[in-house]
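> Next one to model:
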Amino acid sequence: MSTEAQATTPARKPLPLYKRRRRRIYGAAALVLAVIVGVVVWATTGGSGSGPLPGFTISVSQGSVASPDSIIESQPSLAKLIPAKLKYVPFEAGVTAIAEMKSGAVQAISGVGNPPVTEAIGSGTGVTVVMGWGFDDDQLLVPASVTSPAQLAGKSVGVLVGSSEDYELLGYLALQHLTGKVKVVPFSDENAAGAAALSGAIDAAYLYGSPATKLLAKGDHSLVNAQQIAKLGVPGLDVIAVSSSLIKTNPTLVQSYVCAELQGSRDMTGPQAAKYLAASSAVQGVPGDQIVAATKDYPFIRPQDQLYWLGSSLHDPSSRIVQAYVQTGQFLVGQGRLTAAPTAAQIASHIDNTFIKKALAGGCSS
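Model (predicted):
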């Protein structure tokens, strides 16, 4: 039964065929466009719907020794803990990596030594240490005839110029009252220093890795190593440093990175270390058996020793790493790389232990 309104409403005329076809075409085009936009958004956000992931470039050292970063890079499940698009770039010298951080090309450096970090602090570069990495593994390799430090007098020793090794060697010579009595020969590459020692162009060399292995095979022996020099009061510390601006703009990213680093450190030193190290060989660019052997006894800073070096309180000017950097600052002034050594308070403002402290306390998402 029809109502009065229905009875009086005029019948609608059907749309012409060409208009109906045009509407279908516009509707289909709109649907296709919506799908394309949706796919683009999903791709840029990783499907999370929380916005595009930030880029995060990490400068890492290459070679036969693995690192927590190579464990992260070779374990996708661990890398996913870091909410960023990860990019790894190799570095040969810490000074170069610091310059790249200053330019904004790098946001983190894994395994950077005393001089580059201290020089950056002294020159006002925004770099912050968030975690300890390890010690240098260098040895002062000398001929069999040299059995005591005093016998180095009048001899030449090669070392990587401006590096933590340079700082350690000069510190050791000073402790042995040999400053000015030993000719320290600077090299821009440890392989070149090793080759010079092998050929007899210099008497000894302070280095590690493959160049050290060749000298040991020749018959040289270790007079002292980096760990022993550290115990004498001249510690060369390799650390994980991030851009200070990143801590201000994205502390969550920094925390996630430190958490992943801590887990990577545990993986590479735990009961299944051989498995994780072998898996990282591809990203390190060396055979799996070689990386397992080289990493096994490397002097990494263990999780339980992190706060021993970084201090138990935030920006602690009396922490061991600050004191090491104070010494390094004096070394850099002597080299002419800084006009004045940074103060303990100035250095301490660039040491942030809150991220590793939270990670050690179980504050990491799984």
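> who's in contact with V292?
By Cβ atoms under 8 Å, 6 or more residues apart in numbering, the residues touching V292 are 273-274, 277-278. Using the backbone N, CA and C atoms, a C-beta is placed for each residue, glycine as well.
> Return the members of these classed as buried.
Among the contacts of V292, those scoring as buried are 273, 277-278 (criterion: 16 or more other Cβ atoms under 10 Å).
> could the residues you listed go into a markdown table alongside secondary structure?
Converted to a markdown table, the buried ones among the contacts of V292 look like this (DSSP: H, G, I helix; E, B strand; the rest coil):
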| residue | secondary structure |
| --- | --- |
| A273 | helix |
| L277 | helix |
| A278 | helix |
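> ok, so of those residues, who is nearest G55?
Here the nearest of the buried ones among the contacts of V292 to G55, counting by Cβ to Cβ, is L277; it sits at 27.8 Å.
> I figured that closest one hits T295, correct?
Yes: assessed by Cβ atoms under 8 Å, L277 is found in contact with T295 at 5.5 Å.
> what is in contact with these two at once?
Common neighbours of L277 and T295 (Cβ under 8 Å, 6+ apart) are 66, 268.
> re earlier: a markdown table for the contacts of V292, including pLDDT and distance to P54?
What follows is those, written out as a markdown table (pLDDT from 0 to 100; distance: Cβ to Cβ, whole Å):
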| residue | pLDDT | distance to P54 |
| --- | --- | --- |
| A273 | 89 | 31 |
| A274 | 90 | 34 |
| L277 | 91 | 29 |
| A278 | 89 | 31 |
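> out of those, who's nearest S59?
After measuring those against S59 - Cβ to Cβ - the closest member comes out as L277, at 21.1 Å.
> G132 sits in which helix or strand?
Assigned by DSSP states H and E, G132 belongs to strand 127-135.
> then that strand to PDB, C-alphas only?
C-alpha atoms of strand 127-135 as PDB (Å, rounded to 0.1, in the frame of the first residue of the first chain):
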ATOM      1  CA  VAL A 127      78.700  13.100  20.900                       C
ATOM      2  CA  THR A 128      77.600  11.100  23.900                       C
ATOM      3  CA  VAL A 129      79.000   7.800  25.200                       C
ATOM      4  CA  VAL A 130      76.100   5.300  26.200                       C
ATOM      5  CA  MET A 131      77.900   2.000  26.600                       C
ATOM      6  CA  GLY A 132      81.300   0.400  26.900                       C
ATOM      7  CA  TRP A 133      82.500  -1.800  24.000                       C
ATOM      8  CA  GLY A 134      85.900  -3.200  24.800                       C
ATOM      9  CA  PHE A 135      89.600  -2.600  25.200                       C
END
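> Can you give me the pLDDT of the residue lying closest to V130 once chain neighbours are set aside?
Excluding its sequence neighbours, the residue lying closest to V130 (Cβ to Cβ, 6 or more residues apart in numbering) is F355, at 4.9 Å. For F355, the model assigns a pLDDT of 97.
> Now do F355 against G126, distance only.
Distance, F355 to G126, using Cβ to Cβ, to the nearest Å: 16 Å.
> May I have the phi/psi pair for S123?
Backbone torsions of S123, given as degrees, to the nearest 10, read phi -100, psi 0.
> I figured it hits L338, correct?
Yes: taking Cβ under 8 Å as the definition, S123 is a contact partner of L338 at 7.2 Å.
> just the contacts of V292 now: which is nearest L360?
Nearest to L360 among these is A273, at 19.7 Å by Cβ to Cβ.
> R302 - nearest residue in space that isn't next to it in sequence?
The spatial neighbour of R302 that comes closest, neighbours along the chain excluded (Cβ to Cβ, 6+ apart), is T269 at 7.2 Å.
> What segments of the stretch 251-366 of the chain are helices?
Secondary structure of the stretch 251-366 of the chain, counting by DSSP state H, counting those that start in this stretch: helices at 251-269, 273-279, 281-284, 288-296, 306-310, 320-335, 344-348, 354-360.
> export these to a markdown table and tack on distance to F187?
Compiled in a markdown table, the helices of the stretch 251-366 of the chain are given as follows (distance: least, Cβ to Cβ, whole Å):
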| stretch | distance to F187 |
| --- | --- |
| helix 251-269 | 30 |
| helix 273-279 | 29 |
| helix 281-284 | 23 |
| helix 288-296 | 22 |
| helix 306-310 | 28 |
| helix 320-335 | 15 |
| helix 344-348 | 28 |
| helix 354-360 | 34 |
